[in-house]
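Engineer: what's the 3D shape of this:
(4 chains)
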Protein chains: 2
Amino acid sequence: MSQVRPGARRVLGATAVESPVIQPRLRTIPEATVARLAVYLRVLAGFADGGRTTVSSGELASAAGVNPAGLRKDLSHLGSCGVRGVGYDVRALRERIARVLGAEQSRACVLVGLGNLGTALADYAGFGSRGFRFTGLFDAAPDRVGQRIGGLPVQPMTELEATVTGTGVSIGVIATPAEVAQQICDRLTAAGVRSILNFAPMTLTAPAGVDVRQVDLSVELQVLAFLGQQRAVPAGEVPA
Amino acid sequence: MSQVRPGARRVLGATAVESPVIQPRLRTIPEATVARLAVYLRVLAGFADGGRTTVSSGELASAAGVNPAGLRKDLSHLGSCGVRGVGYDVRALRERIARVLGAEQSRACVLVGLGNLGTALADYAGFGSRGFRFTGLFDAAPDRVGQRIGGLPVQPMTELEATVTGTGVSIGVIATPAEVAQQICDRLTAAGVRSILNFAPMTLTAPAGVDVRQVDLSVELQVLAFLGQQRAVPAGEVPA
DNA sequence: GCGACTTTGTTCCTGCGTTCACAAGCGGCT
DNA sequence: AGCCGCTTGTGAACGCAGGAACAAAGTCGC
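Structural biologist: Numbering: from 1, shown residues only, chains lettered A, B, ... in the order given. The predicted model follows:
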């Protein structure tokens, strides 16, 4: 099971400018760990809803689909938070992870492109409960402008820059056709957006200092198809 | 990229049951390479549409957003296909990658759950052009049954097993609410589906031999938010 | 025909991620 | 109060991925 993973395997965090006296703790968290922390957060919400107050690493790992030892190592990156012999306090761990991921504060996002996928994203309840809120929806089609999706009106593309600079947007989401994705990316970065999530099947180029994450839904399907094919013909060579 | 993926970094392919005489070539392809091959395939389609007949590793790597050396290493997994001093033949390389990924043959898929996201997936043109076709759309809501989406009628859940066994479905896509995702997964696996792509924010458990890939859209956003936060406060410690 | 340039394919190496295994610490029971 | 069992946290080893550098090979120009 993999979360989309065609990504840079770079190590996150500060560039090791550590003052050795003040900061004995490591300040870098691997990207793979960050992605799993988000999953743990979701699983912990389920445990909390079920009334659990403590969980062991084994239970949590099972629910998240990972190795218990790896889960403990992931959690060790944010300091000791568990009690030996007992486990982890659900509430405290949730807050700790949320704080590290920055999910405690609401982050303003804009969404460009409200076709089927964009509409699904705007309506997706999972974003709001995880600290994200859309402050602007934009589309180039005149007949989409003015529609309300998820309680927010769709605005024309001309308003993009004003909304970005006016509402302190930190993340831009692109769900447009591939042909215009690069152009949207340019406008977003020019307006000051430094984090972009791209759903268009197109490799974006952005200035240094801008983080771009690519989600290509068909890539996931193709990896799955490869796995299935490999399983079907385990010893067969690719025909000439 | 990462597409989302906090995932197993397992090596795909046969379990090294190689007959040393017949098969001198390695039979395993790393999962990360498979994901990138799918991206190369998309980029190559763009070059072909532009009339190009040959490309160098540098051009291809630039268009795909990867390192040229890494690209050549990826391609070396499927045998020498380039000409030194010239580059790669666009057409031949496309066919080679498509064959390795199994994208040359049309694969039957079923899609369960036609909310906003499911509808977006059913309409997504990128699937059809990459060797995937939906042979069944299913939803539990009576008012959705009978609607035509992407030329296909939505069927009631009761028809799921019959369609799976009748049309030789190899991949099941789940886009339902999280509460029923596990139940759908159980029905799909019971009906013989051995590859599942899950968009519900819920960790699925499946029998051994079934490949499950998880795509959680909010995980991507949270990784992006973490990157942005890390950049904003490079020296700040998490407050107590 | 020959030399030089271009580009591939491979090899080495460094670093990260994952896993296993064990020591340390805490609660409960007697 | 002391012991036992359970769970965390960490240290070490292993395997994989990514990057750089180099040799092989083919083409273009003279």
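
Engineer: max-length strand in chain A?
Structural biologist: strand A:132-139 (DSSP state E).

Engineer: what comes up buried for that strand?
Structural biologist: Within strand A:132-139, the residues that count as buried by 16 or more other C-beta atoms under 10 Å in any protein chain shown are A:132, A:134-139. Backbone N, C-alpha and C define where each C-beta goes, glycine included.

Engineer: Nearest to DNA strand C among these?
Structural biologist: Nearest to DNA strand C among the buried residues of strand A:132-139 is A:Phe132, at 24.0 Å by C-beta to the nearest atom of the strand.

Engineer: could you measure the most centrally placed residue in chain A against chain B, distance?
Structural biologist: Nearest to the mean C-alpha position of chain A, counting by C-alpha atoms, centre = their mean, stands A:Ala35 at 7.3 Å. For A:Ala35, the distance to chain B (C-beta to the nearest C-beta, to the nearest Å) stands at 4 Å.

Engineer: again, but for A:Ala206
Structural biologist: Taken as C-beta to the nearest C-beta, the span from A:Ala206 to chain B is 10 Å.

Engineer: The worst-scoring helix or strand of chain A on mean pLDDT near chain B anywhere?
Structural biologist: Across the helices and strands of chain A, mean confidence by mean pLDDT, DSSP states H and E is lowest for helix A:125-128: a mean of 83. Yes: Helix A:125-128 comes into contact with chain B (C-beta under 8 Å from any C-beta of the partner chain), by way of A:126-127.

Engineer: Other residues contacting that helix?
Structural biologist: Here helix A:125-128 makes contact (C-beta atoms under 8 Å, 6 or more residues apart in numbering or on different chains) with A:109, A:121, A:133-134, B:201, B:217-218, B:221.

Engineer: hmm, which of those are the buried ones?
Structural biologist: So, by 16+ other C-beta under 10 Å, the buried ones in those are A:109, A:121, A:134, B:201, B:217-218, B:221.

Engineer: In strands, which of those residues fall?
Structural biologist: Short answer: those in strands (DSSP E) are A:109, A:134.

Engineer: still on that earlier bit, helix or strand: which one has the residue nearest to the centre of chain A?
Structural biologist: helix A:31-49 (DSSP states H and E).

Engineer: and that helix, does that touch DNA strand D?
Structural biologist: No: judged by C-beta under 7 Å from any atom of the strand, helix A:31-49 stays clear of DNA strand D, getting no closer than 10.9 Å.

Engineer: what's the burial count for A:Gln155?
Structural biologist: Residues lying near A:Gln155 (other C-beta atoms under 10 Å in any protein chain shown) number 18.

Engineer: The helix or strand containing it - contacts with which helices or strands?
Structural biologist: Assigned by DSSP H and E, A:Gln155 belongs to strand A:152-156. If you count contacts as 3 or more C-beta pairs under 8 Å, 6 or more residues apart in numbering or on different chains; DSSP states H and E, strand A:152-156 packs onto strand A:132-139.

Engineer: If you count contacts, what does the helix or strand that comes right after the longest strand of chain A end up packed against?
Structural biologist: Scanning forward in sequence from strand A:132-139 by DSSP H and E, the next helix or strand is strand A:148-149. When contacts are defined as 3+ C-beta pairs under 8 Å, 6+ apart, strand A:148-149 sits against helix A:116-123.

Engineer: Tell me if I'm right that A:Val212 and A:Ala200 touch.
Structural biologist: No: using C-beta atoms under 8 Å, A:Val212 makes no contact with A:Ala200, being 11.3 Å away.

Engineer: which residues touch A:Val43?
Structural biologist: Applying C-beta under 8 Å, 6+ apart, the residues near A:Val43 are A:60, A:63-64, B:203.

Engineer: From those, pick the one nearest A:Arg231.
Structural biologist: Closest approach to A:Arg231 among the contacts of A:Val43 (C-beta to C-beta): B:Thr203, at 21.8 Å.

Engineer: Give me the phi and psi angles of that closest one.
Structural biologist: Dihedral pair for B:Thr203: phi -80, psi 120, per degrees, to the nearest 10.

Engineer: And the helices in chain A?
Structural biologist: Shown for chain A, the helices assigned by DSSP state H span residues A:31-49, A:57-64, A:68-76, A:90-101, A:116-123, A:125-128, A:160-167, A:178-190, A:217-232.

Engineer: rank these by mean pLDDT and give me the bottom one.
Structural biologist: Looking at the helices of chain A, the lowest mean pLDDT belongs to helix A:125-128 (a mean of 83).

Engineer: how about it as CSV, C-alpha atoms only?
Structural biologist: The C-alpha trace of helix A:125-128 is given here as CSV (Å, rounded to 0.1, in the frame of the first residue of the first chain):
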residue,chain,number,x,y,z
ALA,A,125,-15.0,17.4,4.0
GLY,A,126,-11.7,15.9,4.9
PHE,A,127,-9.9,19.1,4.2
GLY,A,128,-11.8,21.3,6.6
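
Engineer: Tell me the gap between it and the middle of its chain.
Structural biologist: Centre-to-centre, helix A:125-128 and its host chain are 12 Å apart (C-alpha atoms, centre = their mean, to the nearest Å).

Engineer: List the buried residues in it.
Structural biologist: Quick answer for helix A:125-128 (16+ other C-beta under 10 Å): A:126-127.

Engineer: Next: stretch A:72-80.
Structural biologist: A:74-75, A:77-78.

Engineer: Quick one: end-to-end distance for it.
Structural biologist: Using C-alpha to C-alpha, to the nearest Å, one end of stretch A:72-80 lies 10 Å from the other.

Engineer: What are the contacting residues of it?
Structural biologist: Counting by C-beta under 8 Å, 6+ apart, A:25-26, A:29-30, A:33, A:36-37, A:40, A:57, A:81-82, A:88, A:93, A:96-97, A:100, B:238 sit against stretch A:72-80.
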